[in-house]
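Undergrad: mind folding the following:
(one chain, ligands or ions: 2)
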Amino acid sequence: MHRDELVGSHTHAPIAAGPGRALRVGIGGPVGSGKTALVAALCRELRERLSLAVVTNDIYTEEDAEFLRRHGVLPDDRIRAVRTGCCPHTAIRDDITANLDAVEQLTALHDPQLVLVESGGDNLTATFSYGLVHLQIFVLDVAGGDKVPRKGGPGVVRSDLLVINKVDLAPLVGADLDVMRRDAQRVREGRPTLFVSLREQPAVPDVVAWLLGQLVVVAP
Ligand SMILES: Nc1nc2c(ncn2[C@@H]2O[C@H](COP(=O)(O)OP(=O)(O)OP(=O)(O)O)[C@@H](O)[C@H]2O)c(=O)[nH]1
Ligand SMILES: [Mg+2]
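TA: Numbers count the residues shown, from 1 in each chain. Ligands and ions are numbered 1, 2, ... in the order given. Have a look, this model is predicted:
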């Protein structure tokens, strides 16, 4: 069992989450890197401490929302799906109306303190509009190869937290985690990176700690 490993430190002041105002966190990254697995883990770890809601984005289906409901990570009505019908990044960056509607509906129903918005799986160019989220987590996986962090892109370089998932697969795919750590540190200039295995350590304690460090809950 390995421990999550933090490289760098966060630079944002905590965001106040209170009545009518949730901290909104975008979770983006390539197809299959573990975004939904991370959303599920965060819901399981935080649902007793915070009022939570989730918005998922898929191109043609509601697959991710259905997965989260099937696994009971939150009550069904705290999970909303947006069908983007086009490049996933369009709905989180260019025309964010459908996502904002989903957040608004969840806010009206539950007044959540934290809303996780999962992007559809995309490439290294995808980012969230800051009109939609306050903070962005970008999820890569080791199986994509140890070259990926140095390829850069806005998610890899400027996300508030880079999560490099599936470290359990590193020996199987011949990925050198030291190379990934060095490249991530270089391109991210001090922004934090966490190496995790959602398979081996689903509680991802350091991601949870990082996220809790980003918000101050304001009493009603
Ligand atoms: N070995 C291993 N597999 C993992 C890990 N995390 C997630 N997976 C698996 O990777 C696959 C993809 O995970 P998802 O969470 O669906 O990935 P995603 O980024 O949400 O995928 P899209 O939304 O389709 O882009 C699933 O089969 C997960 O079980 C991990 O740490 N190790
Ligand atoms: Mg997903």
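Undergrad: tell me which parts of the chain are close to ligand 1?
TA: Contact residues (CB under 6 Å from any ligand atom) of the chain with ligand 1: 29, 31-37, 64, 121, 165-166, 168-169, 197-199. Where you see a C-beta, it was placed from the backbone N, CA and C, and this is true even at glycine.
Undergrad: return the subset of those residues lying in strands.
TA: Among the residues of the chain next to ligand 1, the ones falling in strands (DSSP state E) are N165.
Undergrad: near ligand 2 too, which of the residues of the chain next to ligand 1?
TA: Counting by CB under 5 Å from the ion, K35, T36, D64 from the residues of the chain next to ligand 1 sit close to ligand 2.
Undergrad: just to revisit the earlier point, restricted to buried residues, select the residues of the chain next to ligand 1 in ChimeraX.
TA: One line in ChimeraX is enough to select the buried ones among these; burial here means 16 or more other CB atoms under 10 Å:
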select :29,33,34,35,36,37,64,121,165,166,168,197,198
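Undergrad: let me see the contact set for the residue in the chain positioned nearest to ligand 1.
TA: With CB to the nearest ligand atom as the measure, G121 is the residue of the chain nearest to ligand 1, at 2.2 Å. G121 makes contact with G29, P30, V31, G32, S33, K35, P88, according to CB atoms under 8 Å, 6 or more residues apart in numbering.
Undergrad: go ahead and confirm the third one touches A126.
TA: No: under the criterion of CB atoms under 8 Å, V31 makes no contact with A126, lying 10.6 Å away.
Undergrad: near ligand 2, which residues of this protein?
TA: Going by CB under 5 Å from the ion, the residues of the chain near ligand 2 are K35, T36, D64.
Undergrad: help me confirm that the first one comes into contact with V25.
TA: It stands for K35. No: the pair K35 / V25 is not scored as a contact, 11.7 Å apart, by CB under 8 Å.
Undergrad: now do the helices in the protein.
TA: 35-46, 63-70, 88-89, 97-110, 148-151, 154-158, 170-173, 177-188, 205-212 (DSSP state H).
Undergrad: mean pLDDT and distance to I79 added to those, as a markdown table?
TA: A markdown table is the format used below for those (pLDDT from 0 to 100; distance: least, CB to CB, whole Å):
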| stretch | mean pLDDT | distance to I79 |
| --- | --- | --- |
| helix 35-46 | 98 | 9 |
| helix 63-70 | 97 | 5 |
| helix 88-89 | 83 | 18 |
| helix 97-110 | 96 | 9 |
| helix 148-151 | 94 | 29 |
| helix 154-158 | 95 | 23 |
| helix 170-173 | 97 | 32 |
| helix 177-188 | 97 | 31 |
| helix 205-212 | 96 | 18 |
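Undergrad: among those, which comes closest to R78?
TA: Closest approach to R78 among these is made by helix 97-110 (5.9 Å; CB to CB).
Undergrad: list the buried residues in that closest one.
TA: Within helix 97-110, the residues scored as buried using 16+ other CB under 10 Å are A98, N99, L100, A102, V103, L106, T107, H110.
Undergrad: may I see these organised as JSON lines, with distance to S51 added?
TA: Shown next, in JSON lines, are these (distance: CB to CB, whole Å):
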{"residue": "A98", "distance to S51": "23"}
{"residue": "N99", "distance to S51": "19"}
{"residue": "L100", "distance to S51": "19"}
{"residue": "A102", "distance to S51": "16"}
{"residue": "V103", "distance to S51": "14"}
{"residue": "L106", "distance to S51": "10"}
{"residue": "T107", "distance to S51": "10"}
{"residue": "H110", "distance to S51": "6"}
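Undergrad: before I go, just wanted to say thanks for your time.
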